[in-house]
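*Asks:* Pasting the sequence and the predicted model now:
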Amino acid sequence: MSSMIFSMPNAHDLASKIAARLGIPHGRADLHTFPDAESLFRILDAVEDQHIHLVARLDGPDDKIMQLLLLADGLRQYGVASVKLVAPYLPYMRQDIAFNPGEVISAKVFANLISQHFDGLLTVDPHLHRFASLSALFEAPSKALSATTEMARWIAENTNSPIIVGPDSESEQWVRKIAEALDAPYTTLQKVRHGDRDVEVSVDHLDLGTAHSIVLVDDIISSGTTLLKAIAFIQRHHSGLDLNICAVHCLATLETLDQLRAAGARNLAASNSIESSICGFDLTDTIAGALNANGLIKS
């Protein structure tokens, strides 16, 4: 038995590069949308006994999950050996507890759904907060990769004598690894969130030393609120330094990115886990390196 790559429509480019790097076929599936907005997939290649890696970009997941399940289960109808999900960005990780009475813990609902339909999961830097690992959520075998090597490479190529700064304590895991790879100093700010767009940041002491550049590092750029507050804080105390932002996943609108630039960010970069205007580094090698030709996820 051997492996094939399949992809959701918006992940064809990434899937093609992964397939080429692994030296395995990129299977074809045609998507038809009916006038009532229902979807129909037609699988165009023989898949019997194949181990399938299904590559999907799952930002805006509510419009994509049904198509994802249709293709995954459709492949099973034609006798595949396994179907594993390769989702560089993993949605629905935010709501991992009920913050208010009556709230649904959507992380558990999503994890159960994926575990029912896939034989494994590969993702990149998921937003795990209260769960120590993916295995605490997903019954299917799962592996979380890190983009810190690619982020460190981008920073080295685009900044001079950087200090790596995390906008909150949750970003410390990325900040520390990147700083160690670059032999650069780092620190994290403290964040107090009062609402989706109501955030305060501060730091006890921010010693920039001989740094010429500041790089704000985070896993996700979304509303931009935390990063805008961090930029404002840094500008008040250390204006004039070159300011950059490097994140794993970019969910931000063009308006938000423009706001970050207007606030003082010279460079903005994120991975190609999501299609965006600031894709600065590629996850192909990271993902392909975790897969092998017989369809298994390397441990």
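*Replies:* That came in fine, so what should we check first?

*Asks:* Would you mind confirming that residue 6 makes contact with residue 78?
*Replies:* No - the pair residue 6 / residue 78 is not scored as a contact, 11.4 Å apart, by Cβ atoms under 8 Å. No exception for glycine: its C-beta is placed from N, CA and C like everyone else's.

*Asks:* Of the two, which one has the most company?
*Replies:* residue 6 (30 against 12; other Cβ atoms under 10 Å).

*Asks:* secondary structure element for the more buried one?
*Replies:* strand 3-7 (DSSP states H and E).

*Asks:* If residue 143 is in a bridge, with which residues?
*Replies:* For residue 143, the beta-bridge partners under DSSP bridges are residue 122.

*Asks:* Which residue is the nearest non-sequential neighbour of residue 125?
*Replies:* Nearest residue to residue 125 in three dimensions, chain neighbours excluded: residue 248, at 4.5 Å (Cβ to Cβ, 6 or more residues apart in numbering).

*Asks:* Neighbours of the one you found, how many?
*Replies:* 27.

*Asks:* do residue 125 as well
*Replies:* For residue 125, using other Cβ under 10 Å, the count is 25.

*Asks:* again with residue 234
*Replies:* 23.

*Asks:* got it, and residue 118?
*Replies:* Residue 118 is flanked by 24 other residues according to other Cβ under 10 Å.

*Asks:* Quick one: residues contacting it.
*Replies:* By Cβ atoms under 8 Å, 6 or more residues apart in numbering, the residues touching residue 118 are 54, 72, 83, 84, 85, 140.

*Asks:* Need the three-state assignment for the nearest residue to residue 120 once chain neighbours are set aside.
*Replies:* Closest residue in space to residue 120, ignoring its immediate chain neighbours: residue 84 at 3.8 Å, by Cβ to Cβ, 6+ apart. Assigned with DSSP: H, G, I helix; E, B strand; the rest coil, residue 84 falls in the strand class.

*Asks:* Perfect, that will be all.
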